[in-house]
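[1] return a 3D structure for these sequence lines:
(one chain, ligands or ions: 1)
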Amino acid sequence: MIDSISDEELDALMQALKNRYGLDFTNYEKKSLKRSIVRLMMKHRMSSMLELWAKILKDKEFFEKGIDDLLVNLTELFRNPDAWIVIRDSILDYYKAKSRLNVWHAGCSTGEEVYTMAIVLEEKGMLHKTKALATDLSSIALKKAKAGDYSLIIVEQYLKPFLAFYPNRKLADFFNFKESHATIKPSYQSHVTFERHNLVHDAMSTKHDIIFCRNVMIYFDEKLKLQVLELFYESLNDDGFLVIGYYDIMPDSGKALFEVYDVKTRIYKKRKIKKQNR
Ligand SMILES: C[S@@+](CC[C@H](N)C(=O)[O-])C[C@H]1O[C@@H](n2cnc3c(N)ncnc32)[C@H](O)[C@@H]1O
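    Numbering: from 1, shown residues only. Down below sits the predicted model:
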C-alpha cells in the first residue's frame with residue numbers, strides 16, 4: 001500500500017482534475033491533500049497513483065464521492081462552544097437593533113454549524129429577522145445539510161459540545177427524534193438557502209453581516225487564503241464579522257483587511273479602511 005506521494009505526483013493529479021472536471025485544488029495545502037489521497041487509496045485498496053489516476057478521471061461518480069474524502073467534511077454541533085458564547089453574548093447584541101441580519105456560512109459541510117447558529121439566534125429572539133446562506137463545494141455534504149437529518153450515532157457525539165453550551169437543555173428541544181435518526185425542526189431551517197459555491201473561483205453577489213468560514217482555509221495555501229479573505233472583505237457589510245476556525249491562522253496579509261475582535265475564538269472584524277502596508 002502506498003504511504004507517500006511526491007509533490008510532482010500530486011501536482012500532476014491536481015492539474016488533471018482541473019482539466020477534466022474544472023475543479024481547482026492547485027492552491028490547497030499539499031500536506032493535507034496528500035494525507036487525504038493516501039486515505040482515499042487505502043479505502044479503495046489501491047496500490048498505485050496510476051490506479052487512482054485512471055479511476056478518478058474515468059469514473060465521474062467515483063470522483064464525486066472521492067472529492068468528499070479529499071475535502072474533509074468533519075464538523076459538529078456547537079463546535080468550539082467558546083466561540084458560540086462570544087457570538088451569543090457579544091456579536092449578536094451588536095445587531096439587536098437592526099431589522100435584518102444576513103449570515104453566510106462558507107464551507108458549511110453537512111449543516112451542523114448552520115443549525116447551531118439558528119439555535120443561538122432563536123434564543124436571542126433574532127431568528128425571524130435572519131437570512132442565512134449556506135454554501136459548500138461538496139454537493140453530497142450540501143444534500144445532507146439541506147436534509148438536516150443525522151444518525152443517532154453522530155448526534156450522540158454532539159452531546160458534549162451541546163451540553164457545554166446549554167447545560168440545562170435537551171437536543172430534543174431542537175431535533176425531532178425518530179428511530180435511528182434526528183432531524184432538525186423546520187423552524188430552525190426555513191431561513192436558510194443552501195447553494196453550491198466554490199471559494200476558489202465563484203463570486204458572491206450579496207452582502208452579509210457575519211461570515212463563518214471555519215476550518216476551511218486550513219486546507220488552503222497562503223495565496224488562496226488571501227484571495228478568499230479578499231472575497232469575504234468585499235462580501236461583508238461595513239463593521240461585519242468574520243468567524244474562522246480554531247486551527248485557522250489569519251495570514252499577515254489578511255490583517256490588512258480584518259482586525260482582531262476576539263483572539264481566543266478567532267473572531268475578526270472588517271477594517272473600515274484596508275491597511276496599505278501589505
Ligand atoms: C472541515 S469542514 C468545515 C465545516 C464547518 N465550517 C465547521 O467548521 O464545522 C470543511 C468544508 O469546506 C468545504 N470546502 C473545501 N474547499 C472548498 C471550496 N473551495 N469552496 C467551498 N467549500 C469548500 C468542504 O467541502 C468541507 O465541507
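
[2] show me where this protein has its strands.
    Remark: strands assigned in the chain by DSSP state E are 101-106, 130-136, 149-151, 175-178, 181-184, 192-196, 208-213, 236-244, 258-262, 267-270.

[3] want to try TSV for these, with mean pLDDT and distance to the ligand as columns?
    C-beta coordinates here come from the backbone N, C-alpha and C atoms, glycine included. Converted to TSV, those look like this (pLDDT from 0 to 100; distance: least, Cβ to the nearest ligand atom, whole Å):
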stretch	mean pLDDT	distance to the ligand
strand 101-106	98	6
strand 130-136	98	5
strand 149-151	97	13
strand 175-178	96	17
strand 181-184	97	15
strand 192-196	98	8
strand 208-213	98	6
strand 236-244	97	9
strand 258-262	97	17
strand 267-270	98	13
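
[4] would you turn those strands into TSV with mean neighbour count?
    Listed next are those as TSV, based on neighbours: other Cβ atoms under 10 Å:
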stretch	mean neighbour count
strand 101-106	24
strand 130-136	22
strand 149-151	16
strand 175-178	14
strand 181-184	18
strand 192-196	16
strand 208-213	24
strand 236-244	20
strand 258-262	17
strand 267-270	21
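
[5] these: which one's closest to Leu121?
    strand 130-136 (5.3 Å; Cβ to Cβ).

[6] Provide the strand pairings for the closest one, with the direction of each partner.
    Strand pairing for strand 130-136, using DSSP bridges, gives strand 101-106 (parallel), strand 192-196 (parallel).

[7] from the chain's centroid, how far away is the first one?
    So that's strand 101-106. 12 Å (Cα atoms, centre = their mean, to the nearest Å).

[8] now stretch 264-278
    The chain centre lies 20 Å from the centre of stretch 264-278; the measure is Cα atoms, centre = their mean.

[9] equivalent analysis for stretch 205-225, please.
    Distance of stretch 205-225 from its chain centroid, counting by Cα atoms, centre = their mean, is 8 Å.

[10] now do the contacts for Asp209.
    Contacts for Asp209 (Cβ atoms under 8 Å, 6 or more residues apart in numbering) come out as Tyr95, Lys98, Leu101, Asn102, Val103, Leu236, Asn237, Gly240, Phe241.

[11] of those, which is the nearest to His181?
    Val103 (26.2 Å).

[12] give the contact list for that closest one.
    By Cβ under 8 Å, 6+ apart, the contact list for Val103 reads Met117, Thr130, Lys131, Ala132, Leu133, His208, Asp209, Ile210, Ile211, Phe212.

[13] which residue packs closest to the first one, ignoring adjacent ones?
    Nearest residue to Met117 in three dimensions, chain neighbours excluded: Val103, at 6.4 Å (Cβ to Cβ, 6 or more residues apart in numbering).

[14] give me the beta-bridge partners of the one you found?
    Listed beta-bridge partners, Val103: Ala132, Ile210 (assigned using DSSP bridges).

[15] where's Leu40 relative to Ile56, distance?
    Distance, Leu40 to Ile56, by Cβ to Cβ, to the nearest Å: 9 Å.
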